[in-house]
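Colleague: I would like to see how this sequence folds:
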Amino acid sequence: MHLFYTPDISGDSYTLSETESKHAVKVLRLQQGAQIQLMDGKGHFFIAEIEEAIPKRCKVRIVEKQAVERRPFSIHIAIAPTKNIDRLEWFLEKCTEIGIDKITPLLCEHSERKVIKSERLEKVIVSACKQSLQAYMPELAPLTPVKELLENATEKNKCIAHCEEQEKYLLKNIAEEGDDLLILIGPEGDFSLSEIQLAQQNEFMAVSLGESRLRTETAGVCACHTIHVMKQ
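Modeller: Predicted coordinates:
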């Protein structure tokens, strides 16, 4: 059954957005009476029947609603956007498929990319959410200076992954202990020493993702998957 994203759905009837309407009627050639599946990204799936198959405003009637319980912990990854934007999009796609609650692009001292197009990144997240049947749409925060995030983070477990030689905890052990978890992933040039020191002052734990030196986007996906595996 074809799936459509309907973030503002309410009541027993709904009109798909122009983009989703065109996809349903023009691309998929769905007709009146056809059944489709909807998702609001807030924990609900719907079965709907097409009432008016109009390319710019496809109207549907809700016939069934299903609520999905949210997992008892949240995953927040703050990551420095990569110079090659395709790599950041790959990270967003894969972590959305695995399951993530919030993504914050970080602006760091060594950042090679200091501008992002949030609209494009949101589309990547929506597509991945639909593909993987995730009931909850991850939140994409604005590009945030790392100092601001370090000083205002509220998660119970706060971690920073960096390449400096110092004592570190294994992320898999941290993931077992608490509920909500925030992990920071730095840019290609890593976090600066002053950023690492500021993280320590704000009670961030230094963590290791293993022996290999990983690319930024790979580290992000590895962290997300590790948390899921350890919290199953």
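Colleague: and the gap between Pro145 and Asp40?
Modeller: Pro145 sits 32 Å away from Asp40, going by C-beta to C-beta, to the nearest Å. Every residue, glycine included, has its C-beta placed from N, CA and C.
Colleague: who's more crowded, those two?
Modeller: Ranked by neighbour count (other C-beta atoms under 10 Å), Pro145 and Asp40 place Asp40 first, with 19 against 13.
Colleague: Which pLDDT value belongs to that one?
Modeller: As predicted, Asp40 sits at a pLDDT of 96.
Colleague: same check, this time on Gly178
Modeller: Gly178 is assigned 57 on the pLDDT scale.
Colleague: how about the helices in the chain?
Modeller: Taking DSSP state H, the helices of the chain run over residues 18-22, 85-98, 118-132, 146-152, 171-177, 193-201, 216-230.
Colleague: With adjacent residues omitted, what lies nearest to the residue nearest the centre of the chain?
Modeller: The centre of the chain sits closest to Pro138, judged by C-alpha atoms, centre = their mean, with a distance of 4.0 Å. Nearest residue to Pro138, sequence neighbours excluded (C-beta to C-beta, 6 or more residues apart in numbering): Ile100, at 5.0 Å.
Colleague: Let me know the pLDDT of that neighbour.
Modeller: We have a pLDDT of 96 for Ile100.
Colleague: give the contact list for it.
Modeller: Residues in contact with Ile100 (C-beta atoms under 8 Å, 6 or more residues apart in numbering) are Ile75, His76, Ile77, Pro138, Cys224.
Colleague: worst-scoring helix or strand of the chain, pLDDT-wise?
Modeller: When the helices and strands of the chain are compared on mean pLDDT, DSSP states H and E, helix 171-177 comes out lowest with a mean of 72.
Colleague: hey, what's Ala48 bridged with?
Modeller: Counting by DSSP bridges, Ala48 is bridged to Ile36, Ile62.
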